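In: how would this look folded up:
(chains A and B)
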2 protein chains.
Amino acid sequence: MQTPWEYRYAHRTQKMGSSVIRELLKLTEQPDIISFGGGLPAPEVFPVKEFQEACNQVLTDHGAQALQYSTTEGYLPLREMIARHNARYSAQVNAENILITSGSQQALDFIGRLFINRGDYVVVESPTYLGALQAWNAYGAQYISVRADENGMIVDELEAALRIGPKFIYILPNFQNPSGSTLSLERRKKLIELADKYGVPIVEDDPYGQLRYEGEHIPSVVALDSRYRNENNGEYSGNVIYLSTFSKLLAPGLRLAWVIAPTQVIRKLVMTKQAADLHTSSFNQHVAYEVAKGGFLDEHVKVIRATYKERRNVMFEMMEEMFPPEVTWTRPLGGMFLWGRMPENVDAAEVLKVAIERKVAFVPGAAFHPNGGGANTMRLNFSFSSPENIREGITRLGTTLKEALKNGKK
Amino acid sequence: MQTPWEYRYAHRTQKMGSSVIRELLKLTEQPDIISFGGGLPAPEVFPVKEFQEACNQVLTDHGAQALQYSTTEGYLPLREMIARHNARYSAQVNAENILITSGSQQALDFIGRLFINRGDYVVVESPTYLGALQAWNAYGAQYISVRADENGMIVDELEAALRIGPKFIYILPNFQNPSGSTLSLERRKKLIELADKYGVPIVEDDPYGQLRYEGEHIPSVVALDSRYRNENNGEYSGNVIYLSTFSKLLAPGLRLAWVIAPTQVIRKLVMTKQAADLHTSSFNQHVAYEVAKGGFLDEHVKVIRATYKERRNVMFEMMEEMFPPEVTWTRPLGGMFLWGRMPENVDAAEVLKVAIERKVAFVPGAAFHPNGGGANTMRLNFSFSSPENIREGITRLGTTLKEALKNGKK
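Out: Purely as a prediction, here's the structure:
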């Protein structure tokens, strides 16, 4: 007889659905569609030659080690390099504060597994990163949404949320995905004080922190938290779990990211990772270290910044020219996304259907709001498409939007 | 104030411990210890030159694709190659039956996440693979142990277990980790019939199936299940979820494995993976495909077999010569491990302490028994150490064992 699989699944996965974005992206994979939907880095900036040299070097010098099983924590020289780099622009940490993960999505999953009991609350910005919601939905999280503006989470509204007793606060302080907003220095300090007052940890997700195209760098929340606690050089033992990644600086195809946290949290995350996938690819860790160890990333990030800044500016200019005046958008100072807002009565999902017919795509904003709302919003990516494609794509989208607004499409 | 992290953790992770084996292996990492404790492939057989060529080729031809985000299911040419290869020696499947995972440990974790509610029973062989227990403990699994002998699980005792209503049966049919036993053809058929009778799925974990050093290949359980259902060429839709890996054939440092299952189960596993880590490294999938696509593995596996067979034989000979007669062991026809049994009153964990002083190590067997027992058993790996080290290590271990038995150590 056939196995009735659907009656075998656990509660946590019976209603599990595929990501709205991933499913949308499949629709937009036709080569003639200009997609602002994904969150892909520009492949033109991948340092292919440097990877070739690094692969050769690693296999010549450390082949047996790079191809073998390795420790769950991650390759020590890579962790030490991240600690040194972090000490320069962020908190003083050492290798014991660092775990290498297979992309930041895995770090989000592990944080969910480590902290979230079914029904636990997590404080998020509204809108917030969809991948985090997906990871934590699997553990039965509920969300308390705090409103955000161009300066990030409206921290004055955070205290009411903290009094509900959430497990942690999740925040993307720099050039947030999806909105592009950046949390101001003043709000970062207030966030740290409030989190300390209520004893609620902060999960700081920072994939884009180094992709700033204008204005001054603002210290990360983990760095400010370290200062707030008067920590000196050495081990970090504060209230923040910090995530960052090589996906935006080097290449997402490596699946390499890292977590910075107090050592006792790292030890728990290591046990979680042991049971989940033993360790992250030894080979990729060696290759990333080989590419980065001589300071290559410091130069390379300038190339990325220049490329994305140009693309962002082209998108700004074209939107100014082509979009109907009723549509507004954010002006991110960095990162990969901007956020558009249509009149309340326009449904972005309906607009997308027409847009796809016109061979242009974006992501409707509703899915980024865990507690509803945002049906009239949209996320646009400016890192992936060439300036020519951005010009053409925004022209197509402008026409679509004008039409939708004229029809009062709902 | 300090964050009281220990009160923030979820139920599932509050009592989570580190793997006994991983902790033991740390003890044995001193370079002068001969360790039969780990489960490492011989680094001498890693095809370093082929990797170098493949990395260069992939980056030259497909750099932008191999370094970019990719689909959760895995790289299509790799999945098609696995389907073709599997059709040759196992079940007829197509790419829709296949998911690429970051090592088999990740597949075990996903299976736990997809199927196990807290308190659900899983039928396992006793002893069974420790990594599976670790993965499923996180989801609150309980275990029904079925005894095993040199021909694998004693299937005559399975029916009583199935009447309890377990979620699935977990079996390692070939050269089992830890015992080295292989499930006979007759028992495989009986297993399939019983599983079908009670509607209980089978999870077949087969990392070593191609590492046979003598005797005839026995068809995999998934292949026999496909025949049992009279499936013809095409999509597999039976009762088995099959796991295998490139870790033993190519290199574990890549973290590349695959799941074969009915498409509806693969679709659920894909959603699980989306939320857990988006996808397995695109680069590593491209490189593995590049190394393997021309049939290299067919030749390479012969080198691995010859190497491990020699090491196994040296270990057999030395044990025969050096071990006290009260100690018995299995004679695996393949794989990487054999299983020793001391008199009931001897505790392998105590013997290990003395062994480490004598600079030799193994893994005590108790941890492989989810419901207790096996304190007098031990797992020995023969793939990693050179023949010279096996000679010296077994000599040291023989002395340790003779002493332990003489002392009646408990």
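
In: these two touch, right, residue A:255 and residue A:283?
Out: No: here residue A:255 does not reach residue A:283: they are 11.4 Å apart, not a contact under C-beta atoms under 8 Å. Bear in mind the C-beta positions are built from the backbone N, C-alpha and C, glycine included.

In: Do a quick rundown of the strands in the stretch 251-400 of chain A.
Out: In the stretch 251-400 of chain A, the strands defined using DSSP state E, counting those that start in this stretch lie at A:257-260, A:328-329, A:337-341, A:360-361, A:363-364, A:377-381.

In: Could you tell me which residues of the stretch 201-350 of chain A lie near chain B?
Out: For the stretch 201-350 of chain A, the contact set with chain B under C-beta under 8 Å from any C-beta of the partner chain comprises A:201, A:237-239, A:247, A:251-255, A:262, A:264-265, A:268, A:270-272, A:274-284.

In: The residues you listed in helices, which ones?
Out: Using DSSP state H to define helices, the subset of those located there is A:264-265, A:268, A:270-272, A:274-277, A:282-284.

In: So which of those residues is the closest to residue B:126?
Out: Nearest to residue B:126 among these is residue A:275, at 20.3 Å by C-beta to C-beta.

In: And that closest one, how close does it get to residue A:122?
Out: Residue A:275 is 22 Å from residue A:122, where distance means C-beta to C-beta, to the nearest Å.

In: Residue A:121 is in contact with residue A:167, correct?
Out: Yes: between residue A:167 and residue A:121 there is a contact under C-beta under 8 Å: 6.6 Å.

In: I'd like to know which helix or strand in chain A has the lowest mean pLDDT.
Out: helix A:20-27 (a mean of 68; mean pLDDT, DSSP states H and E).

In: Averaged pLDDT, the next helix or strand after it. What do you get?
Out: Under the assignment DSSP states H and E, the closest C-terminal helix or strand after helix A:20-27 is strand A:34-35. Mean per-residue pLDDT for strand A:34-35: 94.

In: Looking at residue A:167 and residue A:121, which one has more neighbours?
Out: Taking other C-beta atoms under 10 Å in any protein chain shown, residue A:167 and residue A:121 do not tie; residue A:167 has more neighbours (25 against 17).

In: Contacts only, for the residue lying closest to the more buried one once chain neighbours are set aside.
Out: Nearest residue to residue A:167, sequence neighbours excluded (C-beta to C-beta, 6 or more residues apart in numbering or on different chains): residue A:120, at 4.6 Å. Going by C-beta atoms under 8 Å, 6 or more residues apart in numbering or on different chains, residue A:120 touches A:139, A:140, A:141, A:142, A:166, A:167, B:10.

In: how far does stretch A:167-176 sit from the chain's center?
Out: 10 Å (C-alpha atoms, centre = their mean, to the nearest Å).

In: Give me the mean pLDDT for it.
Out: Here the average pLDDT along stretch A:167-176 is 98.

In: does the closest residue to residue A:153 other than its chain neighbours belong to a helix or a strand, and which?
Out: Leaving out its chain neighbours, the residue that sits closest to residue A:153 by C-beta to C-beta, 6+ apart is residue A:125, at 4.7 Å. Assessed by DSSP H and E, residue A:125 sits inside strand A:121-126.

In: Listing partners with orientation, what would you give for that strand?
Out: Taking DSSP bridges as the criterion, strand A:121-126 sits next to strand A:142-149 (parallel), strand A:168-171 (parallel) in its sheet.

In: Need the winner for burial among those.
Out: strand A:168-171 (a mean of 26; mean count of other C-beta atoms under 10 Å in any protein chain shown).

In: tell me what the helix or strand where residue A:78 lies is packed against?
Out: Residue A:78 is located in helix A:76-89, with elements delineated by DSSP H and E. Packing contacts for helix A:76-89, counted by 3 or more C-beta pairs under 8 Å, 6 or more residues apart in numbering or on different chains; DSSP states H and E, involve strand A:98-101, strand A:257-260, helix A:282-292.

In: Turn the ones you listed into TSV, including mean pLDDT and mean neighbour count.
Out: Below are the helices and strands packed on helix A:76-89 laid out as TSV (pLDDT from 0 to 100; neighbours: other C-beta atoms under 10 Å in any protein chain shown):
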stretch	mean pLDDT	mean neighbour count
strand A:98-101	98	26
strand A:257-260	98	25
helix A:282-292	98	25
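
In: any weak-confidence spans in the stretch 151-300 of chain A?
Out: Confidence mapping of the stretch 151-300 of chain A against pLDDT under 70 gives the ranges A:232-234.
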